[in-house]
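Enquirer: what follows is a predicted protein model with its sequence.
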Amino acid sequence: MTVLVDTSVWSLVLRRRASRRFAPKQRRAVESMRELIEEGGAALIGPIRQEILSGIRDERQFDRLREVLSNFPHIVIQEIDYDHAAECFNLCRAAGVAGTHVDMLICAVAIRVNVAIFTLDADFQRYAAVLGAGLFMAQ
């Protein structure tokens, strides 16, 4: 099973030093992510990769993280995904749900390739209710 993993989960998993202070929900998310990685099911898209790599000041750390991320499958964004993301944005807005352009692109890609989204961002529950996007829940 392939799951599109959002920045919120990648960020949590990559913060090894803070792991001792994780709340139970965060620990479950980290464990679920480890299982996905072991099964080869954790995937990402370019904008998520960009978000993860943005703000890293140390060049060696940036290069190591870039190398780590290159080992995961990347779902290719197609031109139609941008149109569908705009439609998703409009549908959510009409339903009174505010969303970002990147979040709508994540939803559009996930819907097209029929994969669930693994996120800790509560906004995605509202998007899913409007758009029918699948969500992966930490075990």
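Expert: Great, that's in hand. Computed from a predicted model, the values in this text were never measured in an experiment. Numbers count the residues shown, from 1 in each chain.
Enquirer: where along this structure do the strands fall?
Expert: Applying DSSP state E to the chain gives strands spanning 3-5, 42-43, 116-118, 135-136.
Enquirer: the last one pairs with which strands, parallel or anti?
Expert: Partner strands and pairing direction for strand 135-136 (DSSP bridges) are strand 116-118 (parallel).
Enquirer: point out where the chain drops to low pLDDT.
Expert: 16-19, 139 (pLDDT under 70).
Enquirer: re the thing from before, closest one to residue 64 among the strands of the chain?
Expert: strand 42-43 (17.6 Å; C-beta to C-beta). Any C-beta I mention is one placed from the backbone N, CA and C, and that applies to glycine too.
Enquirer: could you name the helices and strands sitting against the closest one?
Expert: Counting by 3 or more C-beta pairs under 8 Å, 6 or more residues apart in numbering; DSSP states H and E, the packing neighbours recorded for strand 42-43 are strand 3-5.
Enquirer: do that again at 6 Å, thanks
Expert: In terms of contacts (3 or more C-beta pairs under 6 Å, 6 or more residues apart in numbering; DSSP states H and E), strand 42-43 is not packed against any helix or strand.
Enquirer: buried deepest among the strands of the chain, which one?
Expert: strand 3-5 (a mean of 25; mean count of other C-beta atoms under 10 Å).
Enquirer: okay, now the sheet partners of that strand, with direction.
Expert: By DSSP bridges, strand 3-5 pairs with strand 42-43 (parallel), strand 116-118 (parallel).
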